[in-house]
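Asks: Need coordinates for the following:
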Amino acid sequence: MDTSAYLTAVVEQTATLADWVHGRDAATPVPTCPKWTLADLVDHVGGTQRMVTMLVGEQMTEPSRAFAGHVPGPTDSGQWRAWLSDGAAEARQAFASAADDTPVWDPSGAAAGVPFWSRRLFGEVCVHRADAAVALGVRYELAPELAVAAIEDWLKTMTSRGYWENRSGFADAMRGGGQTLHFHATDAPGEWVARREPDMVVLERTHTKADVVLRGPAVDLLLVISRRRPLDAAPALEVEGDRTLVDHWIEHMDWIAEG
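Replies: As a prediction, the model looks like this:
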């Protein structure tokens, strides 16, 4: 997906989320983000979109002013639909005015801020829409091709140099000697191999033998690797090889509230 396609999907996914949460009890707990209420979830999604709109729209190479400019969500849940939809529309407009090589702060360390943030906003709303689905008892659906794109965002972000350097607990847990994990979507093209090295996790989009394979429908893969559904509650997924490597990986994908 390119930047434009990501932002179109952001608007669509946000609209679905906005319809779900509109007028609902703000104090509803979000089980997949245990410290959050529904109000916190809405505030996070809409606030993040507005922060990124500022970063991209004003071409910021240093993020402190964007962080300081966080816009909280309305306290009245009857205003949530409009607030979320407006934020997504503003983000799409900001990205439409920027080129992929426009200098924008990139926390991944890759110095490609516009493509990074377009992908990140998409993955963000897909995963947090899953949080809302659990909180509200709504069925979560996502087209396989979009689920593959969200998986790619999650894996690329979690294995980025910036994440490694800023999450010492994650880095310590993921240091390895070449152990490999293969994630394989079966209903849309999407295969990744993660290799745990002493100083990083190397991620490749490829098909090759690995110490363990986690295989199944893309949406199930997304929900399990993002810790929105336990592996044992996803019977459509198959594990071949050393399951302890998968369990260890999921245990330390601890980007729950911030994902």
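
Asks: low pLDDT regions in the stretch 151-259 of the chain?
Replies: Filtered on pLDDT under 70, the stretch 151-259 of the chain yields the residue ranges 254-259.

Asks: And the helices in the stretch 101-250 of the chain?
Replies: Counting by DSSP state H, counting those that start in this stretch, the stretch 101-250 of the chain has helices at residues 113-136, 144-158, 161-166, 168-174, 218-225, 243-251.

Asks: Against which helices or strands is the shortest one packed?
Replies: Meaning helix 161-166. The contact analysis (3 or more C-beta pairs under 8 Å, 6 or more residues apart in numbering; DSSP states H and E) places helix 161-166 against helix 168-174, strand 200-204. Heads up, the C-betas are built off the backbone N, CA and C, glycines and all.

Asks: can you put these in JSON lines and add mean neighbour count?
Replies: Formatted as JSON lines, those follow (neighbours: other C-beta atoms under 10 Å):
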{"stretch": "helix 168-174", "mean neighbour count": "14"}
{"stretch": "strand 200-204", "mean neighbour count": "17"}
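
Asks: possible to save these as TSV with distance to Asp86?
Replies: As requested, the helices and strands packed on helix 161-166 are exported to TSV (distance: least, C-beta to C-beta, whole Å):
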stretch	distance to Asp86
helix 168-174	34
strand 200-204	35
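
Asks: out of those, nearest to Thr186?
Replies: strand 200-204 (18.8 Å; C-beta to C-beta).

Asks: May I have the closest one exported as PDB, CA atoms only?
Replies: Listed next in PDB are the C-alpha coordinates belonging to strand 200-204 (Å, rounded to 0.1, in the frame of the first residue of the first chain):
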ATOM      1  CA  MET A 200      18.500  -6.600  16.700                       C
ATOM      2  CA  VAL A 201      15.600  -8.500  15.300                       C
ATOM      3  CA  VAL A 202      16.000  -8.900  11.500                       C
ATOM      4  CA  LEU A 203      12.700  -9.000   9.700                       C
ATOM      5  CA  GLU A 204      12.300 -10.200   6.100                       C
END
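
Asks: Run the angle between that strand and helix 243-251 for me.
Replies: Going by axes from the mean of the first three to the mean of the last three C-alpha atoms, to 10 degrees, strand 200-204 is angled at 100 degrees with respect to helix 243-251.

Asks: For strand 200-204, which helices and strands make contact with it?
Replies: helix 144-158, helix 161-166, strand 191-197.

Asks: Buried deepest among those, which one?
Replies: Per residue and on average, the most neighbours among the helices and strands packed on strand 200-204 fall to helix 144-158, with a mean of 22 (mean count of other C-beta atoms under 10 Å).
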